[in-house]
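Novice: quick one, what's the 3D model for this:
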Amino acid sequence: MTSIGNLRYRPIRRLTQLYVGLALYGASMALMIRSGLGLDPWDVFHQGLSDRTGLSFGAVTIAVGALVLLLWIPLRQRPGIGTVSNIVVIGLAVDATLRALPANLPFAARATLLAAGIVANGAATGLYIGARLGPGPRDGLMTGFVARRPGRSIRLVRTAIEITVLTLGWLLGGTVGVGTVAYALTIGPLTQLFLTRTTIPIPNPSRLTTS
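Specialist: Reported below is the predicted structural model:
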């Protein structure tokens, strides 16, 4: 944990990769929203809240991220610069991209946006996680819960959290569809594919101290 968030090693490369990844993540969310074919579980929740409150999708994303970060306190998780940046940059990027994308596109264009959004989301996840500057607030919630209860499966905890937010989002009016299923089936392999190419190796902290 010491090396995660430590900017003494390759700071420019890691910060650049972090912010490119976060901006791309927000853009990928906007592509899926404009497709109208279904969102990932957390974004179904965000969209439902946005529809109910009248706040922009990005504003809701930022607010939910900040509230989730507060849940780290009892879990004794420590955020990194990437965690805080995740909350702000993704929300700003999704709103900016939504303003640039037209709505009510024909089906073929919407299907293309969905496919591009899912692939871009996998690439973005690989970039910001690979920068090793701290997990996103939602990822940290999952890993923190498992760390406090070592007997629990990460996959089981993640599934339970995502089913919960998906159900709440659907009840609030968020879009659940073929895109939701496609995302669930492909995001794991895509993220792993990009992570193997984007993860920046960090030397042992003792080596950084003596160098």
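
Novice: all strands of this structure, in order?
Specialist: Counting by DSSP state E, one finds no strands in the chain.

Novice: R152 - nearest residue in space that isn't next to it in sequence?
Specialist: Excluding the flanking residues, the one nearest R152 by C-beta to C-beta, 6 or more residues apart in numbering is V146, at 5.3 Å. Every residue, glycine included, has its C-beta placed from N, CA and C.

Novice: was I right about the one you found contacting I154?
Specialist: Yes. Taking contacts as C-beta atoms under 8 Å, V146 lies within contact range of I154: 5.2 Å.

Novice: more neighbours, the two?
Specialist: Shown here are V146 and I154; by other C-beta atoms under 10 Å, V146 has more neighbours (18 against 12).

Novice: now do the more buried one against V157, distance only.
Specialist: 5 Å (C-beta to C-beta, to the nearest Å).

Novice: ok, back up a step: now do the contacts for the residue nearest to R152.
Specialist: Taking C-beta atoms under 8 Å, 6 or more residues apart in numbering, we find V146 in contact with R152, S153, I154, V157.

Novice: reformat the residues you listed as CSV; add distance to P137 and pLDDT.
Specialist: Shown next, in CSV, are these (distance: C-beta to C-beta, whole Å; pLDDT from 0 to 100):
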residue, distance to P137, pLDDT
R152, 19, 72
S153, 21, 73
I154, 16, 70
V157, 15, 82
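
Novice: next, give me the two most distant ones among these.
Specialist: The span of the contacts of V146, defined through C-beta to C-beta, is set by R152 and I154 at 7.6 Å.

Novice: grab the nearest non-local neighbour of V68.
Specialist: Nearest to V68 is P137, by C-beta to C-beta, 6+ apart, at 4.3 Å.

Novice: hmm, I was thinking of T180
Specialist: G38 (3.8 Å).

Novice: pretty sure the one you found sits against G174.
Specialist: No. If you go by C-beta under 8 Å, G38 and G174 don't touch, sitting 9.4 Å apart.
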